[in-house]
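Q: 3D, please:
(chains A, B and C)
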Amino acid sequence: MEMLIKIVHNYYYMVAILLFVIGMHTMLTHSNLIKKVIAMNIMDTSVFLMFVAVGYTYGGAAPIITAPANEVLYVNPLPGSLMLTGIVVAVSITAYALSLVVKIYRYYGTVDYDEICLIRSQE
Amino acid sequence: MEDQIVRITSRLVAPFIQVYGIYVILHGHLSPGGGFSGGAIFGASLVLVALSFNLEVGAKQISHATASVLESGGALGFVITGLVGVAVGANFLANRAAGFPLGETGEFFSAGAIFIITAFLGVKVASTIVTLFYNIIEGEDKSGDAH
Amino acid sequence: MVDVLTEVLNVLLLLFLVVCAIAVAQIRDMLSAVIVFASFGLIMAIVWQQLSSPDVAMVEAALGTGVTTLLLIAAISKTRRAE
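A: Alright, predicted model coming up:
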């Protein structure tokens, strides 16, 4: 019972883990390469959700200091800044992967991993 | 993708997205956002027009070559702004020590060099996103068949 | 009362995220999957506003939703649409 209450109180972490598992399952079971890229993005986002939820303080204000700093409680700005960099890396990896997918389509005529394996086995 | 609804919507929405992007870039030292998010918003509006019409209309706004030049120019401006501090005799990217006026906190013209750096960063990021899009959509037409 | 309503809103947003993630896996049409993924990113931006980090929300809405969707649509227009 106590375990259940802890899980309910930390529902952000649970949803982050659930999203990660959904993304990994999609990435492993689908053979379309573009769908693999989308699933990788979902996994990225779940990791960001985990980190930002760690930095959240209940009832805290956004960490923006106006001229007289009058707020008492701020959320931790460090995980947010780290995840800003993470989003940039995620978009860069997406662009790189998509350019590779377009190149693969030009060479094999398909973006399906199973069909690519079939073509490669016949070469 | 030839669709009338997509074309009219993107043509109506694109100027507002660009104004919002410029607002986010210029208020980077006061509010959330800054050069990176504002540049991404601005670049996304340019890509949106090029994707919903065709590449000729997109190239009329900003061509691949112009985007590449702007990309290098943004990085160069960042470095030159940093070297002002070295020329005065302070550190690289020095702000108050290099003589930039700091102004009043909360005013629009404040924070000295951060204002200039954010503007250059916005130009750099916006042109980088346009270059990314052109690299995917054009492929290897110019470089020939590599394999 | 207000706190309870905010908690309910947060739980609903997270539920929507999970439903979107499963829908992306199940939809066979790639363009529809990309549009559902864009709505996933937008809801994620609202979640980050709820977590009091507005700069992450802004970057997610601009990059994670806008630019990623545009790049995916560009890649799909160069390849095929059906899975």
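Q: which residues of chain A fall in helices?
A: A:2-9, A:11-29, A:33-55, A:77-108, A:113-122 (DSSP state H).
Q: ugh, wrong one, I meant chain B
A: Using DSSP H, helices in chain B cover B:4-26, B:35-52, B:55-61, B:64-88, B:113-138.
Q: likewise chain C?
A: Using DSSP H, helices in chain C cover C:2-26, C:30-50, C:54-59, C:68-78.
Q: Return the residues in contact with residue C:72.
A: By Cβ atoms under 8 Å, 6 or more residues apart in numbering or on different chains, residue C:72 lies in contact with A:34, A:37, A:38, A:94, A:98, C:34, C:37. Glycine gets a C-beta too; all of them are placed from N, C-alpha and C.
Q: just residue B:70 next, same as before
A: B:62, B:123, B:124, B:126, B:127.
Q: If you rank the residues you listed by neighbours, which is first?
A: When those are compared by neighbour count (other Cβ atoms under 10 Å in any protein chain shown), residue B:126 ends up highest, at 30 neighbours.
Q: residue closest to the middle of chain A?
A: Nearest to the mean C-alpha position of chain A, by Cα atoms, centre = their mean, lies residue A:44 at 1.7 Å.
Q: Which member of the contacts of residue B:70 is positioned nearest residue C:4?
A: Of all those, residue C:4 sits closest to residue B:126, with 42.7 Å by Cβ to Cβ.
Q: For the helix or strand of chain A with the lowest mean pLDDT, give me every contacting residue.
A: Within chain A, no helix or strand scores below helix A:2-9, which has a mean of 82 by mean pLDDT, DSSP states H and E. With Cβ under 8 Å, 6+ apart as the test, helix A:2-9 has contacts from residue A:14.
Q: picking that back up, quick one, which of the helices of chain A is nearest to residue A:64?
A: helix A:77-108 (9.1 Å).
Q: Give the buried residues for the closest one.
A: By 16 or more other Cβ atoms under 10 Å in any protein chain shown, the buried positions in helix A:77-108 come out as A:77, A:79-80, A:83-84, A:86-88, A:90-91, A:94-95, A:97-99, A:101-105.
Q: Kindly identify which of these also come near chain B.
A: A:84, A:88, A:95, A:98, A:99, A:102, A:103 (Cβ under 8 Å from any Cβ of the partner chain).
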